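Asks: Just a sequence and a predicted model for now, questions to come.
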Amino acid sequence: MNPVPGEGSLDTPLMFVGEGPGEGEDNTGRPFVGRAGQMLNRLLKEVGLERDRIYITNVVKCRPPGNRVPTNQEMSACSHFLMAQIQIVNPKVIVALGATALSFFLEKKVSITKMRGKLIEWVAGKYIFPTFHPSYLLRNRSTGPGSPYDLALQDMRKIKELYEKYRKI
């Protein structure tokens, strides 16, 4: 088991946060490089947002056994790493990829389908912007109007607008 700390620009208004590393990430030590990472890259490319201009990490830094969802105890044990990353990068908007990441930030269990696409005021002038986790899009292959992929693409367009609005000059 290898730690996967995160990567990307330290001078960005956007931080993307997933739940935890998968097998590809565990093998390489890099976040979002497996199938979900390829889907994230596709969405970023579609809206013209370059991956190296954002910061990407996860709530937990090590792959949970069996690739299961991290427990609250595991998230709590790793939270100081994520909070340090947030302090260093100082993003204006944290993109919560999926219900696990969103629930971590809101400190309660929430539905991603009800919360996605909404800018939520968080702490210290920062915002949370929830959207579907890329792995959810892989499980729900439809790309037609109103599909999870279509909604995620709409979210990504808003995220790109937020990037432009808060870009550090």
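Replies: That came through, no problem. No experiment lies behind these values; they were computed from the predicted model shown. Numbering: from 1, shown residues only.
Asks: Which residue ranges of the chain form helices?
Replies: Assigned by DSSP state H, the helices in the chain fall at 23-28, 35-47, 72-89, 99-106, 112-115, 134-139, 148-166.
Asks: Okay, now the unreliable bits of this structure?
Replies: When residues are selected by pLDDT under 70, those of the chain lie in 168-169.
Asks: Dump the helices of the chain into TSV; add mean neighbour count as well.
Replies: C-beta here means a position set from N, CA and C on the backbone, and glycine is covered the same way. What follows is the helices of the chain, written out as TSV (neighbours: other C-beta atoms under 10 Å):
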stretch	mean neighbour count
helix 23-28	16
helix 35-47	17
helix 72-89	15
helix 99-106	22
helix 112-115	16
helix 134-139	18
helix 148-166	17
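Asks: Need the ones you listed in a markdown table (columns: distance to residue 62).
Replies: As requested, the helices of the chain are exported to a markdown table (distance: least, C-beta to C-beta, whole Å):
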| stretch | distance to residue 62 |
| --- | --- |
| helix 23-28 | 8 |
| helix 35-47 | 17 |
| helix 72-89 | 8 |
| helix 99-106 | 15 |
| helix 112-115 | 23 |
| helix 134-139 | 17 |
| helix 148-166 | 26 |
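Asks: so which of these comes closest to residue 13?
Replies: helix 148-166 (3.5 Å; C-beta to C-beta).
Asks: What is that closest one packed up against?
Replies: Under the contact criterion of 3 or more C-beta pairs under 8 Å, 6 or more residues apart in numbering; DSSP states H and E, helix 148-166 touches strand 14-18, helix 35-47, strand 93-97, strand 127-131, helix 134-139.
Asks: Residue 87 is nearest to which of those?
Replies: If we rank the helices and strands packed on helix 148-166 by C-beta to C-beta, the stretch that ends up nearest is strand 14-18, at 11.1 Å.
Asks: gap between residue 52 and residue 11?
Replies: Distance, residue 52 to residue 11, by C-beta to C-beta, to the nearest Å: 11 Å.
Asks: Hmm, I typed the wrong one, I wanted residue 54.
Replies: 11 Å.
Asks: How about residue 115?
Replies: Counting by C-beta to C-beta - residue 115 and residue 11 are separated by 28 Å.
Asks: show me what contacts residue 159?
Replies: Counting by C-beta atoms under 8 Å, 6 or more residues apart in numbering, residue 159 touches 14, 47, 49, 93, 95, 129, 131.
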